[in-house]
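# Here you go, sequence then predicted model.
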There are 2 protein chains.
Amino acid sequence: MSIFDNEDELYMQQALREAKEAYDEGEIPIGAVVVCNGQIVARAHNNTERLHDVTAHAEMIAYTAAANTLGSKYLPECTLYVTVEPCPMCAGAAWWTQIGRIVYGASDKKRGFERMGRAMLHPKTEVTSGVMEEECAALMKDFFRKMRGSE
Amino acid sequence: MSIFDNEDELYMQQALREAKEAYDEGEIPIGAVVVCNGQIVARAHNNTERLHDVTAHAEMIAYTAAANTLGSKYLPECTLYVTVEPCPMCAGAAWWTQIGRIVYGASDKKRGFERMGRAMLHPKTEVTSGVMEEECAALMKDFFRKMRGSE
């Protein structure tokens, strides 16, 4: 018997593992995995500090890695699991990948794509939000609390 | 005496050179340069086919290259010159770079960021459009005409 309620939680737990790696590296703790036909084909976490590259978000790295793994530019059969609501850049990139589904944990009212509307995404992309929301949000809050404390 | 009307045309001509390289490589012909204090600090063209990566747009490659050249994650003193209106992904990425100015040539009513509104961009980012618009658009039209002809 799985300790997880469902498949979405199982994969979000993997995205959270990536987010925790980011946390330990001093990166904003956002993690992602891409799943295709029950297999994780890419895993990534935010890497903007290490790479000195503001575009090195978990999702962007995961899309490129998934495309490499599958040998396909497009990801219609894939699901992106990401711990925090994607930003407009990452939603715009999702449009190009034609990814089948996006599942995210915590909302990001300030930087998330949802404030721009679902037209940001490809019409074929389904969205599920709020999966393991509390855990995903707690990691972010803890990170920024720690950052403020060290200023 | 310059053959160009102004500095914007001078740099857009360089972005067009990049776009023509893309054209010759069978890539959608969009080119970009990033200029900082009168110097070109990055040049790039669309590379989605060669890299099998739908996120490998001229702008994305140019932002990362400019940040590498300058040793800075942010580009507030820079101007991006790009032959075609950036898509939402590239506009969303521009937000993260805090780039000072974006100058584009041809509009893209279907895929461009403007349909999502200027809130896609950082409030400090200025935009100039329509620089060498005809040349930039002609290259795109020619490319897609050729592609259709070879189907």
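All right, it came through fine.
# Check whether residue A:32 really touches residue A:47, as I assumed.
No: using CB atoms under 8 Å, residue A:32 is not in contact with residue A:47, being 11.2 Å away. C-betas here are computed from N, CA, C, even on glycine.
# between those two, which one's more packed in?
residue A:32 (33 against 19; other CB atoms under 10 Å in any protein chain shown).
# Can you spell out which residues form a bridge with that one?
Beta bridges link residue A:32 to residue A:44, residue A:82 when assigned by DSSP bridges.
# so what sits against both of residue A:32 and residue A:47?
Here residue A:32 and residue A:47 have A:58, A:61 as joint contacts, going by CB atoms under 8 Å, 6 or more residues apart in numbering or on different chains.
# Output the set of residues of chain A in proximity to chain B.
A:48, A:52-55, A:60, A:63-64, A:67-68, A:71-74, A:87-93, A:95-97, A:113, A:116-117, A:119-120 (CB under 8 Å from any CB of the partner chain).
# residues touching residue A:108, list them.
A:84, A:85, A:87.
# Look up phi and psi at it.
phi -130, psi 90 (degrees, to the nearest 10).
# how close does it sit to residue A:85?
The gap separating residue A:108 from residue A:85 is 4 Å, by CB to CB, to the nearest Å.
# Below-threshold pLDDT in chain A: ranges please.
A:1-5, A:151 (pLDDT under 70).
# picking that back up, dump the contacts of residue A:108 to CSV, plus secondary structure and neighbour count.
Compiled in CSV, the contacts of residue A:108 are given as follows (DSSP: H, G, I helix; E, B strand; the rest coil; neighbours: other CB atoms under 10 Å in any protein chain shown):
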residue, secondary structure, neighbour count
A:84, strand, 29
A:85, coil, 24
A:87, coil, 24
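# mind listing the strands for chain A?
A:31-36, A:39-45, A:78-84, A:101-106, A:126-129 (DSSP state E).
# could I get those strands as JSON lines with distance to residue A:147?
As requested, the strands of chain A are exported to JSON lines (distance: least, CB to CB, whole Å):
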{"stretch": "strand A:31-36", "distance to residue A:147": "18"}
{"stretch": "strand A:39-45", "distance to residue A:147": "17"}
{"stretch": "strand A:78-84", "distance to residue A:147": "16"}
{"stretch": "strand A:101-106", "distance to residue A:147": "17"}
{"stretch": "strand A:126-129", "distance to residue A:147": "25"}
